[in-house]
Structures are given as C-alpha cells and as structure tokens.
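Undergrad: Fold the following and give me the result.
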Amino acid sequence: MAYMCADSGNLMAIAQQVIQQQQQQQQHQRHHHHLPPLPLPLPPRQAPPMPPAPAPASPHGQIPAASLPYGGGAWSQADHFFPDAFVGTSPADAVFPDLSAAADFDSDVWMDSLIGDAPVFADSDLERLIFTTPPPPVDAAAQPESATRASLPQPAAVATAAACSSPSSLDASCSAPILQSLLACSRTAAADPGLAAVELVKVRAAASEDGDPAERVAFYFGDALARRLACGGGAQAQPLTAVDARFATDELTLCYKTLNDACPYSKFAHLTANQAILEATGTATKIHIVDFGIVQGIQWAALLQALATRPGEKPSRVRISGLPSPYLGPKPATSLAATSARLRDFAKLLGVEFEFVPLLRSVHELDRSDFLVEPDETVAVNFMLQLYHLLGDSDEPVRRVLRLVKSLDPSVVTLGEYEVSLNRAGFVDRFSNALLYYKPVFESLDVAMPRDSPERVRVERCMFGERIRRAIGPEEGAERTDRMAASREWQTLMEWCGFEPVKLSNYAMSQADLLLWNYDSKYKYSLVELPPAFLSLAWEKRPLLTVSAWR
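TA: Now for the predicted structure:
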C-alpha cells in the first residue's frame, strides 16, 4: 500500500514516514546480512518547514497530500513486483556494464529494475530514470590541478557580455577567458570562417573534457564549431548503421541513468507534471492520458499507484494512448508492446483496470478519431520534452499538434521544455544562448561527480556533447535538430492555440522543493517562477528546465 500519514497536509511528515520505513527495512537487512550502515534517502540536515498546503484548485475535488506521487509513491508495490537486475554488482558495474555486449543488452529488464528501486517519475524523450540518492558533492578544492593549458588567443574583438544574453541574466557565466575567446570565434565565424578556424585551434588546445566546467563546455562547443566550419554550414551528418545506432542507444540509456542519479532535472519535470495530472483528474472515474513521446512508461507506474490509493474510489479505468518517442527509432512497435505489458501487469497488481493503446502513425497523420476519446472520460495530455522536436522555421507543425490536442477537450495539458531559445536566433545569438545554458549544466555535474569520473565524461560526451553539436550545427540539414524554445515562446504558441495557463498548486511546488532537499547541492539548485505560470528548476538562479500546465 502507499504510504499514508495522519497529517495529510504535511509533505515533510510524509517524507519522514518514508524515510523511517526505509530505515527499518535497511536495519533488518543489515541485521540479516551483516552489512555496513546505509545512507539515508535525504541529507541529514534540518529541512525548511513546509508551507500550509491548501486544497488544490480542481473541478473534481480535493487531493490530499497522502495521495501525492512523492508521498504515496510506488515503493512498496513496485519493490515486490519488479526485481532488481543489479543485485550483487558494484555501483560502477550497475551504471556501465560491458557495452561490448550491446547486442545482448535488455533495456526492458533494466527499466524493470528501475521501478523496483523507487517511484520513478521518468519517461519521454529519454528522460526515464531512477529516483535515488546522488553521491555527495565533490570538494573542488580537493581536486588535482588540471594540466597546464595552452595559452588562449587574444582576438582584437573579444565578445562582450551582451553576447551571452539570456532571459535571466547578463551575468559572469561567460566571463572565463576561454569562453570569451570561444564567443569571439563564433562571431568571427560569421564573417571570416578561415580566421575563425585559426583562432579556434588555440581555443581547443586550452580546452579539455577533464578540466573545470568552463574548460569542459569549451571542449564540446569548440568541437561543434569546428565541425560547422569544416562542412561550410551545409553538409549533413552521415546516418548511423544499425549496429552503431543500437550501441549508441544502449550507451545513451545508461548515461541517462547516471545523470538522473546525480541531478534532479528529469525527476523534477515528471514529478511536477504528474502532480498537475493527479489534481486535474480529481475524482474522475475514467481517466485517459495521452502521452506524446512514451518509451518504457515508468513515469506512469507511480501515478497509477497514486490513483489506486486516492481517497474514495479508485478509477474504474485508466487508459494511456502512447505516441512513441523518436528515441525508439523507426520501428517502435516491439518496445511499446513491452511497455503495454509492463504497465498492464502493474495495474492488475493495484486492482486498476488499465488499457494501453499505441499510436504508431506519424503525429502529423493523426486526427481526433484516432484517440477514441469517450464522452465520460477525463483527458490529460502530456508533452514532456517533445514539442521542441517540431520546432522549425515555421510554427505550423507545433500549432497543428496543439489544435489536435485541443480537439480532445483535455482537463489539463502538461508541458516540459528546456529553458533556452535556440530556434529562430541567428547563429551568433544561438551560440551564446547555448553556451550560457550549458555552462551551468556542466557546473551541476561538476558538483555531483568527481572530475576524474569516467561516468561524468561519458554523460557529457554522449549526451550534452551531441546536443551541443545539434544546436549549433549548420543552418540546414541533419546536423541542426535541437531547436529549443524558451517559456515566453511556448506561452505565445499555447495561447495562440486557445490554451490558458494553470498555476501549479502549492502541493506541486512544495513537492518540487522537497525533492531538492535530496541533494547536497540544494543551495545551488532552486525553483524559479516565470510568468505567467511556469515553474523552472534552476542552477544558481539560471532556469534550465521548465514545467507548466494548461487548459
């Protein structure tokens, strides 16, 4: 059963009850197996008092905190239902097994094990990870000094702070000499590619994938800029072979697990979106969730348990219509069949009637009739890091999908997007926007993982290095696909299509704040509210990932 608490308005009390029960289980295990003490799920510090949590505004009724995903969770049911595939392995082995056997890697088994670990709020667009306590922060002072770098070039026209402009600040994020030189190269590239290439050689000599955050981010931006200069802005990337694609997919899956252990980005996004869906569905008896970009569906296991243990009656039926993520490749049917079986079996354990309907046609070919919405269903639509894939020189692809969603008459639409503008900006602005965005991302990894960590290098190389390349690639062709948009741009698109923002409840924000207390770097992570109703997870006040709800 889900964790329940007499004080249903106090999220911290619920969290403490979870901790106490886990401590009891750990003590029993240590007594039986003679194991050393295990760390607590939350840091041993005094957490701030939770604000009073009024009943969330919902047309369907009140949602006590005891039914919230974080408080209720999917620990107990899922722990017994999904085995841990990594028992007996070291942490390093669990995160990065031998990838030379990639052809034998079973991502379904791995994802099953994640549900057994904790209430996972992760899925969609590769953000499907586990909820675990991250390693303690690394003392930067204790790190060995980086090898002496080559001296940086001093171009006549060094980029000013205005080149790093962003919605949040014109701060010192780009003040490091190596970043200033890199920005100057990007500006030169637009007018004199040959000169830029010469200066870039010096910048890349001073960069390193093992250095401090500025040196590491410069390493990947320098590589991306060199690729752009080499192809003249028009070449397209060579497609991966089937074997290479499988290897890349398996490696990337493991990288996301590592990232999720270290940083709260995806957990924040899915936790907040699930809470908005839980409140909007209220006491509905038939719930229909449309998930744009589903993969293994782990995000929904915790929501299913929260619905099954809500006060009053559990839903008579929960249906999920799943549109596959691009991550699943051109033939997603097999993967979605496994997703369907996993969620169906878990719902059966909870005593909830469940249906999963895969929608395998292109999103541009779908219309309202494909979703089979019934008159008495309460519909919720989830876009988690998906809509930006449709961005381009025209807004019409996004608007068409939003008009389709509006025709379903949803009670709520949850939207999660990266807080950076990389779509319509010219190359120089796009380069500086991306640099200002990824610098704090690399800083957050620097706090969470040691400088000499091969896992950190792999995450930065396979995930962020590739995203940086796709963000600042040639203006046309397959190299430039990360066309992200900031919250103000999404607000314009959503409102143009007839949606209005829904302010996230005190419960949702309190839960997100409570989540950050699971990280020793809490004081660098923060929540930032952006108008009119966006909630962002920020690193040192720089918003990085934004969630919102619409109706």
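
Undergrad: Would you state the strands of the stretch 301-450 of the chain in chain order?
TA: Taking DSSP state E, counting those that start in this stretch, the strands of the stretch 301-450 of the chain run over residues 317-324, 354-358, 378-384, 412-418.

Undergrad: With the chain instead?
TA: 286-294, 317-324, 354-358, 378-384, 412-418, 501-502, 525-530, 534-539, 542-550 (DSSP state E).

Undergrad: Quick one: closest of those strands to residue 337.
TA: strand 354-358 (7.6 Å; Cβ to Cβ). Yep, even glycine has a C-beta here, placed from its N, CA and C like the rest.

Undergrad: Just the CA trace of that closest one, in CSV.
TA: Provided in CSV are the C-alpha atoms of strand 354-358 (Å, rounded to 0.1, in the frame of the first residue of the first chain):
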residue,chain,number,x,y,z
PHE,A,354,-6.0,-0.5,-17.4
GLU,A,355,-5.6,-0.1,-21.2
PHE,A,356,-2.7,0.9,-23.3
VAL,A,357,-3.2,2.0,-26.9
PRO,A,358,-0.1,2.5,-29.0
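
Undergrad: Now do that strand: everything it contacts.
TA: Where contact means Cβ atoms under 8 Å, 6 or more residues apart in numbering, the residues beyond strand 354-358 that reach it are 297, 304, 317-322, 324, 332-333, 336-337, 339-340, 343-344, 347-348, 372.

Undergrad: Which PyMOL command selects the buried ones in these?
TA: Selecting just the buried residues from the contacts of strand 354-358 in PyMOL takes one command, with 16 or more other Cβ atoms under 10 Å as the test:
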select buried, resi 297+304+317+318+319+320+321+322+324+332+336+339+340+343+344+347
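
Undergrad: Any stretches of the stretch 351-500 of the chain with poor pLDDT?
TA: 476-479 (pLDDT under 70).

Undergrad: oh sorry, the question was meant for the stretch 51-200 of the chain
TA: The model of the stretch 51-200 of the chain has pLDDT under 70 over residues 51-173.

Undergrad: at 50 what do you get?
TA: Within the stretch 51-200 of the chain, the segments meeting pLDDT under 50 span 51-150, 153-171.

Undergrad: The strands of the stretch 301-450 of the chain into CSV, with extra columns for distance to residue 482?
TA: Shown next, in CSV, are the strands of the stretch 301-450 of the chain (distance: least, Cβ to Cβ, whole Å):
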stretch, distance to residue 482
strand 317-324, 19
strand 354-358, 26
strand 378-384, 16
strand 412-418, 9
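
Undergrad: And the ones you listed: which comes nearest residue 218?
TA: Taking Cβ to Cβ, strand 412-418 is the member of those nearest to residue 218, at 20.5 Å.

Undergrad: got the angle for that closest one vs strand 534-539?
TA: In this structure, strand 412-418 runs at an angle of 30 degrees to strand 534-539, with axes from the mean of the first three to the mean of the last three Cα atoms, to 10 degrees as the basis.

Undergrad: Am I right that residue 470 is in contact with residue 484?
TA: No. Checked against Cβ atoms under 8 Å, the pair residue 470 and residue 484 is beyond contact range at 10.1 Å.

Undergrad: Mind checking which of these two has more residues around it?
TA: Each of residue 470 and residue 484 has its neighbours counted (other Cβ atoms under 10 Å); residue 484 has more, 23 against 17.

Undergrad: contacting residues around residue 219?
TA: 204, 207-209, 211 are the contacts of residue 219 under Cβ under 8 Å, 6+ apart.

Undergrad: Name the member of those residues with the most neighbours.
TA: When those are compared by neighbour count (other Cβ under 10 Å), residue 207 ends up highest, at 25 neighbours.

Undergrad: Return the distance of it relative to residue 472.
TA: Between residue 207 and residue 472 the distance, using Cβ to Cβ, to the nearest Å, works out to 15 Å.

Undergrad: What is the burial count for the spatially closest residue to residue 440 that is not a sequence neighbour?
TA: Nearest-residue entry for residue 440: residue 539, 4.1 Å, with adjacent residues in sequence omitted and distances by Cβ to Cβ, 6 or more residues apart in numbering. Other residues within reach of residue 539, judged by other Cβ under 10 Å, total 21.

Undergrad: So residue 539 sits against residue 441, correct?
TA: Yes. The pair residue 539 / residue 441 is scored as a contact, 7.2 Å apart, by Cβ under 8 Å.

Undergrad: mind listing the helices in the stretch 251-400 of the chain by residue range?
TA: Counting by DSSP state H, counting those that start in this stretch, one finds helices in the stretch 251-400 of the chain at the ranges 265-281, 298-308, 333-350, 396-407.

Undergrad: would you turn those into a markdown table with distance to residue 519?
TA: Shown next, in a markdown table, are those (distance: least, Cβ to Cβ, whole Å):
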| stretch | distance to residue 519 |
| --- | --- |
| helix 265-281 | 10 |
| helix 298-308 | 19 |
| helix 333-350 | 28 |
| helix 396-407 | 33 |
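
Undergrad: nearest to residue 463, of those helices?
TA: When these are ranked by proximity to residue 463, the top entry is helix 265-281, at 11.3 Å, counting by Cβ to Cβ.

Undergrad: Please name every helix or strand in contact with the closest one.
TA: Under the contact definition 3 or more Cβ pairs under 8 Å, 6 or more residues apart in numbering; DSSP states H and E, helix 265-281 sits against helix 69-72, helix 242-262, helix 298-308, strand 378-384, strand 412-418, helix 506-516, strand 534-539, strand 542-550.

Undergrad: okay, those in a markdown table with distance to residue 395 next?
TA: Shown next, in a markdown table, are the helices and strands packed on helix 265-281 (distance: least, Cβ to Cβ, whole Å):
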| stretch | distance to residue 395 |
| --- | --- |
| helix 69-72 | 33 |
| helix 242-262 | 29 |
| helix 298-308 | 28 |
| strand 378-384 | 15 |
| strand 412-418 | 14 |
| helix 506-516 | 28 |
| strand 534-539 | 19 |
| strand 542-550 | 16 |
